[in-house]
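Colleague: Please work out how this folds:
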Amino acid sequence: MTSVALTIAGSDSGGGAGIQADLKTFQELGTFGTSALTAVTAQNTLGVHAVQPIETDIVIAQIEAVLNDFTVGAAKTGMLFSAEIIEAVAATLNRHERIPLVIDPVMIAKGGASLLQETAIAALKECLIPSAALLTPNIPEAEVLTGMKIVSMKDMENAANQLLRMGAGAVLLKGGHRTDTPYAEDLFMSMAGDYFLMRSKRIDTKDTHGTGCTFAAAITAELAKRVPMREAVVTAKHFIHVAIEDGLSIGNGHGPTNHAAFRNRGNAERKDVELIGKR
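Modeller: Now for the predicted structure:
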């Protein structure tokens, strides 16, 4: 049976992030991708040059069209832009049979442009996060959601616990923005008591556009195939690591990752990611 995943996110005309990155990732991991577009951006590796949100009723119509026809195994959200869209998306998903939902709380583009209105943050916390099987913030996003400064692993643990108290089933707090460690360390914690740290070497590159979208999409693709959450998260970490490591070197700014790298390597023996502190 073909697995189906749904992404609810914005478009990136440069192809490195958003809907485009999600659909590429779904395909690379053997999952059929469907989508609901929330906003159109004029975007390239140099930044976001314009944003046009989609009317809320059209966003909802897209979601309904997919869920009424396909057996969707998992869904993810990316750029949602406004409180109105967030509230409508949450209400729509709640009307359908519960499926694993991965929330990537996209707030700021790589070049610094805001992708989420200030008024939408409360709606995200109140309406959508309680429906999340997994929340995948980076450190700046977690700081906005929790109101705390995050500079150490202990801070990451405290923030993850606070995010779990908001209702998410699990949190994957991505630590790439930390400066106190030579590694990229991502912390997974769940309401069920699961805890582990994924550590990989830092890669010296400016081509990291769309990493958050791609990471979350890889998890969603695996969950759509009914892979257990822990295994899905670890596979996604390997996927994004090699996507960054085997960069494409295109564009004049923060270039995209290589979504084909995982397949091109033939899913070879995995030595790039170390699991620490499993319990």
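
Colleague: Any stretches of the stretch 151-279 of the chain with poor pLDDT?
Modeller: Applying pLDDT under 70 to the stretch 151-279 of the chain picks out residues 267-270, 278-279.

Colleague: Centre-most residue in this structure?
Modeller: Ala216 (3.0 Å; Cα atoms, centre = their mean).

Colleague: for that residue, what are its contacts?
Modeller: Contacts for Ala216 (Cβ atoms under 8 Å, 6 or more residues apart in numbering) come out as 22, 76, 78, 102, 104, 136, 236. (Glycine included, C-beta is placed from N, CA and C.)

Colleague: again, only using 7 Å
Modeller: 76, 102, 104, 136 (Cβ atoms under 7 Å, 6 or more residues apart in numbering).

Colleague: And for Ile244?
Modeller: 203, 205, 208, 211, 257.

Colleague: Let me see the backbone angles for the last one.
Modeller: Comment: the main-chain dihedrals of Thr257 come out as phi -80, psi 170, following degrees, to the nearest 10.

Colleague: where's it relative to Ile240, distance?
Modeller: Relative to Ile240, Thr257 is positioned 7 Å away (Cβ to Cβ, to the nearest Å).

Colleague: Now for the two: what residues contact both?
Modeller: 211, 214.

Colleague: sorry, back to before: out of the contacts of Ile244, which end up buried?
Modeller: 208, 211, 257 (16 or more other Cβ atoms under 10 Å).

Colleague: Please tell me I have it right and the second one contacts Ile240.
Modeller: Spelled out, that is Thr211. Yes - at 5.9 Å, Thr211 counts as touching Ile240 under the criterion of Cβ atoms under 7 Å.
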